[in-house]
Each structure stands twice: as C-alpha cells, then as structure tokens.
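Participant: After the sequence you'll find the predicted model.
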Amino acid sequence: MSLPKGLAEDVSKNLVMVARLIDEDPEGAYAYSKIALRLASRVAAVREAAGFAAYANQKYSEALAEFRAARRMTGSVDLWPVMADCERGLGRPEKALEMAGAPEVHKLDKAGQVEMRLVAAGARRDMDQLDAAIVTLQSPELASNTVQPWTARLRYAYADALLAAGREDEAREWFAKAVESDKDGSTDASDRLAEMDGVEFVDAFVEDEDEDESDADVDVDTDADSEIDDEVEPEAEASVADEVDVDDEDDDIEDDEDDEVAPAVSVEAKDDDKDDDKD
C-alpha cells in the first residue's frame, strides 16, 4: 500500500523510533507504534512493528493479533515462531507445540527453524516436561562448531534446561560453550557460569563511594575536634594565667614573712627561697 509522501515520512519516523527504543524503552516503543497504527494501520510493516512493541511489553494477546494481521497482508511465515511464543505467553503451551509441528515450519529459513525449536522447548518446560525439552533442543545446529547468530541462545537454552533437570556438570559445560559463542552479549551465560563456579562480583564503584564517605566522616570529625580545641584553649590559657598570678602572690607573702623572721632562721628561709626558685 502506497502512502502520500508526507504521511509516509511520518510513519517512517515512528517506525524508526520503535526499532530504536524497543530494547531499552519498550513502553516508549509501544507508544510510537500506536501513533504509527493511527497513521497507517493497513501497512504490513506497521502491524508487524506494533506486534513486536506489544510483545516486548508482554501484551501477548495484542501482539498475536498484530502478527496475524501482518501475516494476512504478506502471506509470509516469518512471524510463525513469535506467534507460537505469544501462545506460550497466554498460557497455551499446547497450542505452541501444535504450531511447532505445523507445515509452516518447513517453510522457515534456518534461523526461523532454530527459533521455532527454542519456542517448542520452552513450551515443554511450561508443561514440566524437562527431558522432552532437552531432547527438543538436541539438533545438528546445537552440535555444530560453526558459530551462527542463533548459536549462543540455543546453547544457553540447552544449558538452562540441563540445569533445571539437575544435570549440573553438563549444564556448566554448555554455559561455557554459550559464553564462547556469545560475542555480542545477547545472553547472561557468563554470569550464570560464574554463579555456578561460586564467583561473586563486587562493584568497585560502590566501594569507592563508601571509601569517599568514610573519608568525609573523618574530615568532619577532625574539623569538629578543631572547633572544640578552639573553644577550650582560651579557657585553658586563662586558667594557667590564674595559677601563675596565685603563685606570684604566694611568693610575695612568703618574702614578707621572711623579712620578719629572726636572723637565725633567715638562712633556712634563704634555702627555702632557693628551693622555691628551683620549683
């Protein structure tokens, strides 16, 4: 369907914003998709973008309706795996498994078939069929040494299923393989592997903040001590001065008494004066 130039530009801008925000701001992407829908609801690309925006916000019923509309407009089966995953999100894993066995799957490219396998394994796990989920993921794509865009996610799902089944040694091996193939960090395989190995990561930035706060506390205490010293020192000086004045008065009294004592005692008085001078 062709749109007038101005309208087409507006629709394009909103679709660009959906694609830009869908990973980091799903709600923002959803808002832009609604604008695009109001402008051009009969355009397949708009319906598909609206479906992915709703899917990112876990609005599975709405997402499924948009994907179905887009499929009707194009006749393509590319959205088949994500449509099946919407069925899972709606609590219908049996329906997802039914779609995994449908003829449409054979029309998918390799990436689509791997995605369908992941959805089917997830549906098995939803039904507490862990062994069946593990078997579903065992495929030539999993065993291949060639790294493809889907390799990390496939290995991660397999490792996670093994761990859920209590097969920890095998799970650790496949988490390690997922890390090797996860060049763009699409999974948290490295964190899961570290967790299994008992490795705990510490945020150095948080530690630095704590140290800075501690230093600030020390500085505050030091300043407070200085203020206290400033307040106490004048009083201390005054006290010392008072003691000195008292000592001087005592010395004057003693000198007057010495003058009135008989000559026989004057020697002792002089000796006492010497002792006072020493003190």
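Facilitator: That came through, no problem.
Participant: So residue 62 versus residue 20, what's the distance?
Facilitator: Noted for residue 62: a distance of 21 Å to residue 20, by CB to CB, to the nearest Å. (Each C-beta comes from the backbone N, C-alpha and C, glycine too.)
Participant: ok, these two, which is more surrounded?
Facilitator: Between residue 62 and residue 20, residue 62 has the larger neighbour count (other CB atoms under 10 Å), namely 17 against 13.
Participant: residue ranges for the helices of this structure, please.
Facilitator: With helices called from DSSP state H, the chain shows them at 5-21, 26-39, 44-56, 60-74, 80-89, 93-100, 110-126, 130-137, 140-143, 151-164, 168-181, 189-196, 204-260, 263-278.
Participant: Show me what the second one is packed against.
Facilitator: I take that to be helix 26-39. helix 5-21, helix 44-56 (3 or more CB pairs under 8 Å, 6 or more residues apart in numbering; DSSP states H and E).
Participant: Can you give me the buried ones in the first one?
Facilitator: Neighbour-count burial for helix 5-21 flags 10-11, 14-15, 17-18, 21 (criterion: 16 or more other CB atoms under 10 Å).
Participant: Export the residues you listed as CSV, with columns for distance to residue 158 and pLDDT.
Facilitator: Shown next, in CSV, are the buried residues of helix 5-21 (distance: CB to CB, whole Å; pLDDT from 0 to 100):
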residue, distance to residue 158, pLDDT
10, 44, 93
11, 40, 94
14, 38, 96
15, 35, 96
17, 36, 97
18, 32, 98
21, 31, 97
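Participant: Show me which pair in those residues is furthest apart.
Facilitator: Greatest spacing in these, by CB to CB: 10 and 21 (16.9 Å).
Participant: hang on, the earlier thing: Throw the buried residues of helix 5-21 into a markdown table and include distance to residue 127, thanks.
Facilitator: A markdown table is the format used below for the buried residues of helix 5-21 (distance: CB to CB, whole Å):
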| residue | distance to residue 127 |
| --- | --- |
| 10 | 45 |
| 11 | 41 |
| 14 | 39 |
| 15 | 37 |
| 17 | 38 |
| 18 | 33 |
| 21 | 34 |
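Participant: from the residues you listed, which is closest to residue 82?
Facilitator: Of all those, residue 18 has the smallest distance to residue 82: 15.3 Å, by CB to CB.
Participant: surely the closest one meets residue 34?
Facilitator: No. Taking contacts as CB atoms under 8 Å, residue 18 lies outside contact range of residue 34: 9.8 Å.
Participant: what sits in contact with each of those two?
Facilitator: Residues touching both residue 18 and residue 34 by CB atoms under 8 Å, 6 or more residues apart in numbering: none at all.
Participant: End to end on stretch 32-48, go ahead and measure it.
Facilitator: End-to-end span of stretch 32-48 (CA to CA, to the nearest Å): 13 Å.
Participant: who touches that stretch?
Facilitator: For stretch 32-48, using CB under 8 Å, 6+ apart, the contacting residues are 1, 3, 7, 10-11, 14-15, 17-18, 21, 49-50, 53-54, 66-67, 69-70, 73-74, 79.
Participant: Kindly report the same for stretch 53-67.
Facilitator: 18, 22-23, 26-27, 29-30, 32-33, 47-48, 50-52, 79, 82-83, 85-87, 89-90.
Participant: Report the mean per-residue pLDDT for stretch 123-133.
Facilitator: The pLDDT scores in stretch 123-133 average 98.
Participant: Can I get that stretch as PDB, trimmed to CA atoms?
Facilitator: The C-alpha trace of stretch 123-133 is given here as PDB (Å, rounded to 0.1, in the frame of the first residue of the first chain):
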ATOM      1  CA  ALA A 123       6.600 -25.000  25.800                       C
ATOM      2  CA  ARG A 124       7.800 -28.400  27.000                       C
ATOM      3  CA  ARG A 125       9.300 -26.700  30.100                       C
ATOM      4  CA  ASP A 126       6.000 -24.800  30.700                       C
ATOM      5  CA  MET A 127       4.400 -28.300  30.900                       C
ATOM      6  CA  ASP A 128       7.100 -29.600  33.300                       C
ATOM      7  CA  GLN A 129       8.500 -31.900  30.600                       C
ATOM      8  CA  LEU A 130      12.200 -31.200  31.200                       C
ATOM      9  CA  ASP A 131      13.500 -34.300  29.500                       C
ATOM     10  CA  ALA A 132      11.400 -33.600  26.400                       C
ATOM     11  CA  ALA A 133      12.700 -30.000  26.400                       C
END
